[in-house]
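> Here is the input, now give the coordinates:
(one chain, ligands or ions: 1)
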Amino acid sequence: MTWIFSRALLAVAAIALGGLVGYLDSELIPVGWVASLVSVSAAVALMILVDGFRARRLIHWLHGDQEDSPPNEFGLWGELGYRIERAVRDRDRTIQQERNELLQMLTAIEASPNGVLMLDAEDHIRWCNRVAGDHFSLNPERDRQQRITNLVRYPAFVSYLQAGQFAAPLILTNTRGKATLSVVVSPYGNGMKLVLSVDVTESERAEGMRRDFVANVSHEIRTPLTVLSGFIETMGSLPLTESERRRVLVLMGQQTQRMQTLVSDLLTLAQLEGSPRPASDRWVKLDGLLARVLSDGLALSAGRHQLEVFTQTHLEVAAVETELYSAIANLVTNAVRYTPEGGQIQLSWRRTADGGGEVCVADTGVGIAREHLPRLTERFYRVDGSRSRDTGGTGLGLSIVKHVIHRHGGELLIQSEPGKGSKFRLTLPAMRLRELEEPPHAPAAPAIEHIGT
Ligand code: ADP
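Purely as a prediction, here's the structure:
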């Protein structure tokens, strides 16, 4: 408020000046009121002149970028300059703060794994992040202010945007890189639109697999159930002889067994998927395990095949015994089931160059055409469905084998040629193998045993 005093002082000076001019005027101008008018006008003109000069300096400063301080004035104009400078500095600080916040927000949106796109009322791109650029093949810098419908080439997206019905998200399939996108549009402000795009390729694939799985399981269970209910109906409505009754019961038993095997395989798969990787300090004797697999294979083959087996490995494997047994047994069982009578089956073991090892089950059976090989380990995938079912297969065996061996850090490798036979190899990493500490009771040879026909 000091400017009031300086103003008052200026007014006093003006009055004094006016008085002085008035006194001098009265000497020159005889008419009193004219002299007074001249003196008052001179004082006012002087004040206006001084104010105008100081105001001009302040306005000149305001016209600039206000980087430097306002003109160093006293009184009213000094106070005004100081107040304006403070307001300008406050405004600059607020703008800077808001700019920083906006930058932070955009950086956060930029880092989002989802695509974010802002459109104005005419569908011009106001801003988009890198992910949205990738999803819709846009350049976030270059394509700004362009109409999105001119740039995005997916007709479904363009018509979705133009229809303006955004209640349900749009699922865009086969976009760039064969991805599936879920696109959600939220209108906001004055006709603006926020477009969010999420890559749902994986979840769509998983959902598809889940649907297929449920359909497959239902189908696999429905077939024996239909057969069973037919038999039950027959037994209830027809008078059967004792031998017929026994035959029906055998068939019913087979169907029940089929369902039991299926449920047991499903449980095994679920267990494998849900449990942690096997510990690497639980050691299983490989020779004992291979011997058990062999004896089961022999029982299944019932002398119809020639089985060759390497029995002496003198190794221990860090594994879950039941899992490793079921994996190798599955391969031997398949070899028996898919090799015609008189064929050869070989169960062998070898150390690999990297210190690991490999169990190999080879047969001279029906073989598998090349196009089926990549899909063999899919659940319920069968090359020959009727042969698989007739021999008690569930279509889950190789899927279980793959899971087991992956959990043990190994791989399942398949080679096959139709009409010539197949070779299934299970590799095991070096860290899961060690030499048996106790010396072998019997001499190592013979390494190969021939069993069977
Ligand atoms: P399944 O219970 O049908 O045998 P698997 O998962 O064990 O199911 O095998 C998948 C498919 O792979 C089988 O249906 C069969 O067509 C083929 N297959 C598996 N092992 C052999 C083999 N040793 N020789 C020929 N085909 C095989």
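> only C-alpha atoms for contact and neighbour calcs from this point on.
OK.
> what's the domain layout of this protein?
Here the domain assignment for the chain is 2-97, 113-199, 208-273, 276-452, based on automatic domain parsing.
> now, of those, which is deepest in the fold?
Across these, the average number of neighbours (mean count of other C-alpha atoms under 10 Å) peaks for domain 276-452, which reaches a mean of 18.
> can that domain be found next to the ligand?
Yes: counting by C-alpha under 6 Å from any ligand atom, the ligand has neighbours in domain 276-452: 334-335, 338, 365-368, 376-377, 381-384, 388, 393-399, 422.
> Average pLDDT for that domain, rounded please.
Averaged across domain 276-452, the pLDDT comes to 89.
> next one: it to chain centre, how far?
35 Å (C-alpha atoms, centre = their mean, to the nearest Å).
> do stretch 74-94 as well
Taking C-alpha atoms, centre = their mean, one finds the center of stretch 74-94 at 54 Å from the center of the full chain.
> swap in stretch 30-42?
A distance of 91 Å separates the C-alpha centroid of stretch 30-42 from that of its chain, computed with C-alpha atoms, centre = their mean.
> next one: stretch 231-244
For stretch 231-244, the gap between its own C-alpha mean and the chain's C-alpha mean amounts to 56 Å (C-alpha atoms, centre = their mean).
> Same question for stretch 178-197.
Using C-alpha atoms, centre = their mean, the distance between the centre of stretch 178-197 and that of its chain works out at 19 Å.
> Could you do stretch 167-176 as well?
Taking the mean C-alpha point of stretch 167-176 and that of its whole chain, the gap between them comes to 16 Å (C-alpha atoms, centre = their mean).
> And residue 54, how close does it get to residue 72?
10 Å (C-alpha to C-alpha, to the nearest Å).
> Check the stretch 51-200 of the chain for the residue nearest the ligand and tell me.
The nearest approach of the stretch 51-200 of the chain to the ligand comes at residue 178, 28.2 Å away (C-alpha to the nearest ligand atom).
> now swap in the stretch 151-300 of the chain and tell me
Taking C-alpha to the nearest ligand atom, the ligand has its nearest neighbour within the stretch 151-300 of the chain at residue 262, 9.3 Å off.
> Tell me how far the one helix or strand that residue maps to lies from the chain's centre.
Per DSSP states H and E: residue 262 is located in helix 242-274. In this view, helix 242-274 has its centroid 39 Å away from the chain centroid, taken as C-alpha atoms, centre = their mean.
> Identify the residue nearest the geometric centre of the chain.
For the chain, the residue nearest the mean C-alpha position is residue 202 (6.5 Å; C-alpha atoms, centre = their mean).
> now for the host helix or strand of that residue, which elements pack on it?
Secondary structure assignment for residue 202, by DSSP H and E: helix 201-237. Contact analysis of helix 201-237 by 3 or more C-alpha pairs under 8 Å, 6 or more residues apart in numbering; DSSP states H and E lists helix 242-274 as its packing neighbours.
> The helix it packs on to helix 201-237, inter-axis angle?
Computed by axes from the mean of the first three to the mean of the last three C-alpha atoms, to 10 degrees, the angle separating helix 242-274 from helix 201-237 equals 160 degrees.
> Helix 242-274: what's the following helix or strand?
For helix 242-274, the succeeding helix or strand toward the C-terminus, using DSSP H and E, is strand 283-285.
> In its sheet, which strands sit next to that next one, and in what direction?
According to DSSP bridges, strand 283-285 forms sheet pairs with strand 315-318 (antiparallel).
> Which SSE is immediately downstream of the strand it pairs with?
That would be, after strand 315-318 and using DSSP H and E, helix 321-337.
> As CSV, could you dump the C-alpha coordinates of that next one?
Extracted as CSV, the C-alpha positions of helix 321-337 are listed here (Å, rounded to 0.1, in the frame of the first residue of the first chain):
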residue,chain,number,x,y,z
GLU,A,321,9.9,-92.5,-10.3
THR,A,322,6.1,-92.9,-11.1
GLU,A,323,6.2,-90.2,-13.7
LEU,A,324,9.4,-91.4,-15.5
TYR,A,325,8.0,-94.9,-15.4
SER,A,326,4.7,-93.8,-16.9
ALA,A,327,6.4,-91.8,-19.7
ILE,A,328,8.7,-94.7,-20.8
ALA,A,329,5.9,-97.3,-20.3
ASN,A,330,3.6,-95.2,-22.4
LEU,A,331,6.1,-95.3,-25.3
VAL,A,332,6.6,-99.0,-25.0
THR,A,333,2.8,-99.6,-24.8
ASN,A,334,2.3,-97.5,-28.0
ALA,A,335,5.0,-99.4,-29.7
VAL,A,336,3.2,-102.7,-28.9
ARG,A,337,-0.2,-101.3,-29.9
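> on contacts alone, who are the packing partners of that helix?
With 3+ C-alpha pairs under 8 Å, 6+ apart as the test, helix 321-337 has helix 286-301, strand 344-351, strand 357-363, helix 397-407 packed against it.
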